[in-house]
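Enquirer: Provide a 3D model corresponding to the input given below.
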Amino acid sequence: MSKPVIALWFGAGGEAHAEAGLKAIRESHPGVRLLLLTRREAAGAHHALADEIWDDGAVRGASAFLARARRLSWASPGHIYDLEGSRMTVFLRLCVWPRPQWHHMTPNPRLAAETGLLS
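Expert: Here you go, the predicted structure:
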(Lines give C-alpha, C1' and ligand atoms only; values in the text may rest on other atoms or scores of the structure.)
Protein backbone atom coordinates (compact mmCIF):
# COMPACT_ATOMS: atom_id res chain seq x y z
CA MET A 1 0.00 0.00 0.00
CA SER A 2 1.32 3.46 -0.93
CA LYS A 3 1.94 6.10 1.67
CA PRO A 4 -0.44 9.07 1.54
CA VAL A 5 0.44 12.39 -0.05
CA ILE A 6 -0.27 15.58 1.94
CA ALA A 7 -0.79 19.08 0.57
CA LEU A 8 -0.46 22.11 2.86
CA TRP A 9 -2.41 25.23 1.93
CA PHE A 10 -3.63 27.98 4.24
CA GLY A 11 -4.69 30.59 1.70
CA ALA A 12 -1.51 31.86 0.00
CA GLY A 13 -1.85 32.46 -3.72
CA GLY A 14 -5.64 32.17 -3.64
CA GLU A 15 -8.07 29.47 -4.68
CA ALA A 16 -6.74 29.20 -8.24
CA HIS A 17 -3.21 28.43 -6.98
CA ALA A 18 -4.52 25.73 -4.63
CA GLU A 19 -6.69 24.14 -7.31
CA ALA A 20 -3.86 24.07 -9.86
CA GLY A 21 -1.48 22.62 -7.26
CA LEU A 22 -3.90 19.89 -6.20
CA LYS A 23 -4.58 18.92 -9.81
CA ALA A 24 -0.83 18.70 -10.48
CA ILE A 25 -0.38 16.50 -7.40
CA ARG A 26 -3.20 14.21 -8.54
CA GLU A 27 -1.52 13.84 -11.94
CA SER A 28 1.86 13.08 -10.32
CA HIS A 29 0.44 10.53 -7.87
CA PRO A 30 -2.56 8.76 -9.45
CA GLY A 31 -4.42 6.40 -7.13
CA VAL A 32 -2.65 7.58 -3.97
CA ARG A 33 -4.62 8.98 -1.03
CA LEU A 34 -4.40 12.80 -1.06
CA LEU A 35 -4.87 14.66 2.23
CA LEU A 36 -5.25 18.45 2.34
CA LEU A 37 -4.34 20.36 5.50
CA THR A 38 -6.05 23.74 5.20
CA ARG A 39 -8.19 26.40 6.87
CA ARG A 40 -11.77 25.59 7.74
CA GLU A 41 -13.03 28.30 5.34
CA ALA A 42 -11.16 26.79 2.39
CA ALA A 43 -12.01 23.16 3.02
CA GLY A 44 -15.28 23.11 1.09
CA ALA A 45 -13.83 24.55 -2.10
CA HIS A 46 -11.41 21.67 -2.66
CA HIS A 47 -13.33 18.68 -1.36
CA ALA A 48 -13.51 17.08 -4.82
CA LEU A 49 -9.73 17.21 -5.34
CA ALA A 50 -8.66 15.67 -2.02
CA ASP A 51 -9.62 12.34 -0.48
CA GLU A 52 -9.65 13.85 2.99
CA ILE A 53 -9.58 17.42 4.32
CA TRP A 54 -7.84 18.15 7.61
CA ASP A 55 -9.00 21.32 9.33
CA ASP A 56 -6.09 23.40 10.56
CA GLY A 57 -8.12 24.49 13.58
CA ALA A 58 -8.46 27.91 15.12
CA VAL A 59 -5.52 27.75 17.52
CA ARG A 60 -2.48 29.85 16.60
CA GLY A 61 1.05 30.10 17.93
CA ALA A 62 3.53 27.52 19.14
CA SER A 63 0.93 24.95 20.20
CA ALA A 64 -0.68 25.02 16.74
CA PHE A 65 2.71 24.62 15.07
CA LEU A 66 3.58 21.62 17.23
CA ALA A 67 0.15 20.07 16.61
CA ARG A 68 0.70 20.40 12.83
CA ALA A 69 4.15 18.81 13.06
CA ARG A 70 2.83 15.93 15.16
CA ARG A 71 -0.14 15.35 12.88
CA LEU A 72 2.03 15.29 9.76
CA SER A 73 4.52 12.94 11.41
CA TRP A 74 1.83 10.51 12.51
CA ALA A 75 0.39 10.36 8.99
CA SER A 76 3.73 9.00 7.72
CA PRO A 77 3.30 10.50 4.24
CA GLY A 78 5.50 9.62 1.31
CA HIS A 79 5.35 13.19 0.00
CA ILE A 80 4.33 16.58 1.35
CA TYR A 81 3.54 19.40 -1.05
CA ASP A 82 3.84 22.91 0.36
CA LEU A 83 1.36 25.05 -1.57
CA GLU A 84 1.63 27.79 1.05
CA GLY A 85 5.27 28.80 0.90
CA SER A 86 5.25 30.66 4.21
CA ARG A 87 8.12 30.79 6.68
CA MET A 88 6.05 28.58 8.99
CA THR A 89 5.70 25.80 6.40
CA VAL A 90 9.38 26.06 5.46
CA PHE A 91 10.32 25.57 9.12
CA LEU A 92 7.70 22.84 9.52
CA ARG A 93 9.71 20.78 7.05
CA LEU A 94 12.47 20.42 9.63
CA CYS A 95 10.07 19.22 12.34
CA VAL A 96 8.34 16.30 10.60
CA TRP A 97 9.79 12.84 11.33
CA PRO A 98 10.32 10.55 9.57
CA ARG A 99 11.19 13.01 6.82
CA PRO A 100 9.09 12.52 3.69
CA GLN A 101 9.98 13.99 0.32
CA TRP A 102 9.03 17.65 0.56
CA HIS A 103 8.01 19.63 -2.52
CA HIS A 104 7.59 23.40 -2.69
CA MET A 105 4.96 24.92 -4.95
CA THR A 106 5.10 28.38 -3.40
CA PRO A 107 3.11 31.30 -4.80
CA ASN A 108 5.57 33.65 -3.05
CA PRO A 109 8.60 34.26 -5.32
CA ARG A 110 10.27 36.58 -2.79
CA LEU A 111 10.23 33.91 -0.08
CA ALA A 112 11.45 31.33 -2.58
CA ALA A 113 14.41 33.55 -3.46
CA GLU A 114 15.21 34.30 0.20
CA THR A 115 15.16 30.65 1.28
CA GLY A 116 16.57 29.12 -1.90
CA LEU A 117 13.35 27.21 -2.64
CA LEU A 118 12.41 26.37 -6.16
CA SER A 119 8.73 26.30 -7.02
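
Enquirer: next secondary structure after the one helix or strand Glu27 maps to?
Expert: Using DSSP states H and E, Glu27 falls within helix 14-28. With elements assigned by DSSP H and E, the helix or strand that comes after helix 14-28 is strand 34-38.

Enquirer: next, the angle helix 14-28 makes with that next one.
Expert: Orientation of strand 34-38 against helix 14-28 (axes from the mean of the first three to the mean of the last three C-alpha atoms, to 10 degrees) gives an angle of 160 degrees.

Enquirer: who does strand 34-38 pair with, and is each partner parallel or antiparallel?
Expert: Strand pairing for strand 34-38, determined by DSSP bridges: strand 5-8 (parallel), strand 52-55 (parallel).

Enquirer: quick revisit: pull out the buried positions in the helix holding Glu27.
Expert: His17, Ala18, Glu19, Gly21, Leu22, Ile25, Arg26 (16 or more other C-beta atoms under 10 Å). Every residue, glycine included, has its C-beta placed from N, CA and C.

Enquirer: tabulate those (JSON lines), appending pLDDT and distance to Val5.
Expert: Putting the buried residues of helix 14-28 into JSON lines (pLDDT from 0 to 100; distance: C-beta to C-beta, whole Å) gives the following:
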{"residue": "His17", "pLDDT": "88", "distance to Val5": "18"}
{"residue": "Ala18", "pLDDT": "90", "distance to Val5": "15"}
{"residue": "Glu19", "pLDDT": "91", "distance to Val5": "16"}
{"residue": "Gly21", "pLDDT": "92", "distance to Val5": "12"}
{"residue": "Leu22", "pLDDT": "93", "distance to Val5": "10"}
{"residue": "Ile25", "pLDDT": "94", "distance to Val5": "6"}
{"residue": "Arg26", "pLDDT": "94", "distance to Val5": "9"}
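
Enquirer: show me which pair in the residues you listed is furthest apart.
Expert: Within those, two members stand farthest from each other by C-beta to C-beta: His17 and Arg26, at 15.1 Å.

Enquirer: report all helices and strands that the helix holding Glu27 contacts.
Expert: strand 5-8, strand 34-38 (3 or more C-beta pairs under 8 Å, 6 or more residues apart in numbering; DSSP states H and E).
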